[in-house]
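In: okay, sequence plus prediction incoming.
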Amino acid sequence: MKDQAAPGTENSAGKPGLYMAIELSRTKWKLAFSDGKRVRLVTIEAKDWNRMHLEMDKSRKRFGLGPSAPVRSCYEAGREGFWVHRALSGRGVENVVVDAASIEVNRRSRRAKTDRMDAEKLVRQLIRYWGGEEKVWSVVRVPSAEAEDARQQHRDMEILKREQNSHRSRMESLLFTQGIEVKVDGKFLNRLDELRCWNGQPLAEHLKARLVREYQRLMMAKADQATLRKQQREQLKRAKTPAVEKIGRLKQLRAIGTTSSWTFVMEFFGWRKFENRRQVAGALGITPMPYQSGDSNREQGISRSGNRRMRAMAVEIAWAWLRFQPDSKLSQWYQRRFGGGGKRMRRIGIVALTRRLMIDLWRYLEEGVVPEGAKFKAAAAA
């Protein structure tokens, strides 16, 4: 999907328009309207689109705007997701979704905060944004409905994996309270009757029953994950979409498997369009954050403002890249710069390697430029 346009690129950018900021909640929506000077605040019931259109018309009339004046709106990204954006766009409203963490705030230790004040501040920043101040906040890139739906499968698999780890950990912890140290595996139920507590006694009745229930939940999560993996494999064989083709190309490289390539494409490379390497690093949240004030000049670490799911997977693959692509230019650079350092230096280095690797993978998918010195898997090469 095409990224949201920057201010000044739409046909209506030079026309006088109505600005609208929406402060969302479960039951009420606070609307702040402005013509660039005055502000009008209205509260409506959540999802009351007829009332919203009525208030738009009233605001146009009050501010002396024509009935065809464009409406430019914004709201903060949150639990509502992107359906509000799609609903507004479908009604002819030029909407942007804003990263809440990027909105300017008063730095006093205590500051007043109400929905009314938030909506008013939001609409004033929206005016600045459409006036050309693109960096007044960060605009969230909205995926298409299809791209958003494609992310459900691997995200569900991640949750199922965490659930399995949680069940295993809980079972092992319960046994440890009785002086029993054992790993939970596929034969756990067969060994349950043989387990003995610290005093040689069998497990208590209710504890044993709880362990059985916990094990059953573990098996259900494993079965669901196996089903999703099967569906994923079948989709890779059948589907001929651009996203699936990118997954196949990534899988050809050593150190990158199905899970990581699927995540990279569905979360990142499959629908987002990057113009340069800085945008790739920024979207991952692995750009350095300097701090300079007077004589003080230091680094604050990486921003961590991007896709945390992608960032975690990218760091994991960077470690795998060192192992399975030791002769690549990136791995040799890492070994020269950080390989001889301590544990902290290697952790700092892996973030730098992650940034370079993801930029190289982006170029590989978009321009066909293979990372220098990288090797393909034997099946792919054949």
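Out: The structure has been received and is ready for your questions.

In: OK, contacts around the closest residue to Tyr19 other than its chain neighbours?
Out: In space, and not counting its chain neighbours, Tyr19 is closest to Ser34: 4.6 Å by C-beta to C-beta, 6 or more residues apart in numbering. In short, each C-beta sits where N, CA and C put it, glycine included. Ser34 sits next to 18-20, 40, 63, 123-124, 126-127 when contact means C-beta atoms under 8 Å, 6 or more residues apart in numbering.

In: cool, and His167?
Out: His167 touches 184, 214-215, 217-218, 221, counting by C-beta under 8 Å, 6+ apart.

In: in what helix or strand does it lie?
Out: According to DSSP states H and E, His167 maps onto helix 152-176.

In: still on that earlier bit, so which of the contacts of His167 belong to helices?
Out: Using DSSP state H, the subset of these located in helices is 214-215, 217-218, 221.

In: restricted to buried residues, select those residues in PyMOL.
Out: Written as a PyMOL command, the selection of buried residues from the ones in helices among the contacts of His167, which uses 16 or more other C-beta atoms under 10 Å, is:
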select buried, resi 214+215+218+221
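
In: could I get the ones in helices among the contacts of His167 in TSV, plus columns for pLDDT and distance to Val71?
Out: Shown next, in TSV, are the ones in helices among the contacts of His167 (pLDDT from 0 to 100; distance: C-beta to C-beta, whole Å):
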residue	pLDDT	distance to Val71
Glu214	97	53
Tyr215	96	56
Arg217	97	49
Leu218	97	52
Ala221	97	46
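
In: just to revisit the earlier point, tell me which residues in the helix or strand following the helix holding His167 are buried?
Out: Note on helix 152-176: by DSSP H and E, the next helix or strand toward the C-terminus is helix 188-192. Neighbour counts using 16+ other C-beta under 10 Å place 188, 192 of helix 188-192 among the buried residues.

In: for helix 188-192, name the packing helices and strands.
Out: helix 205-238 (3 or more C-beta pairs under 8 Å, 6 or more residues apart in numbering; DSSP states H and E).

In: could you pull out the helices for the protein?
Out: 49-62, 83-90, 115-130, 145-150, 152-176, 188-192, 205-238, 242-251, 258-264, 277-284, 308-324, 329-334, 343-367, 378-381.

In: give me the low-pLDDT residue ranges for this structure?
Out: 1-14, 107-112, 288-304, 379-382 (pLDDT under 70).

In: number of residues surrounding Arg155?
Out: 13 (other C-beta atoms under 10 Å).

In: ok, now which ones touch it?
Out: So Arg155 contacts Arg309 (C-beta under 8 Å, 6+ apart).

In: hmm, back to that, with respect to Asp57, which of the contacts of Ser34 is nearest?
Out: Nearest to Asp57 among these is Leu18, at 9.7 Å by C-beta to C-beta.

In: correct me if wrong: that closest one contacts Arg60.
Out: Yes. Counting by C-beta atoms under 8 Å, Leu18 does reach Arg60; the two are 5.7 Å apart.

In: of all the helices of the chain, which one comes closest to Asn106?
Out: Comparing the helices of the chain by C-beta to C-beta, helix 115-130 comes nearest, at 9.6 Å.

In: domain ranges for the chain?
Out: According to automatic domain parsing, the chain comprises the domains 18-142, 149-238, 245-381.

In: how far off centre is the longest one?
Out: Relative to its chain's centre, domain 245-381 lies at 16 Å (C-alpha atoms, centre = their mean, to the nearest Å).

In: neighbours of Asp48, how many?
Out: 13.

In: begin at 14 from now on, thanks
Out: In the new numbering, first residue 14, that becomes Asp61.

In: can you count the residues close to Gln338?
Out: So Gln338, with other C-beta under 10 Å, has 21 neighbours.

In: tell me if I'm right that it and Glu385 touch.
Out: No. Using C-beta under 8 Å, Gln338 is not in contact with Glu385, being 10.5 Å away.

In: still on that earlier bit, residues shared between the contacts of Leu31 and Arg73?
Out: By C-beta under 8 Å, 6+ apart, the residues touching both Leu31 and Arg73 are Ala82.

In: ends of stretch 263-278, what's the gap?
Out: For stretch 263-278, the first-to-last residue distance is 9 Å (C-alpha to C-alpha, to the nearest Å).

In: what does that stretch contact?
Out: With C-beta under 8 Å, 6+ apart, stretch 263-278 has contacts from 167, 170, 245-246, 249, 256, 259-260, 322-323, 326-327, 329-330, 333-334, 336-338, 374, 377-378, 384, 387-390, 393.

In: so how do I select the buried members of these in PyMOL?
Out: Applying 16+ other C-beta under 10 Å to those, the buried members can be selected in PyMOL as follows:
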select buried, resi 167+170+245+256+259+260+323+326+327+330+334+337+338+374+377+378+384+387+388
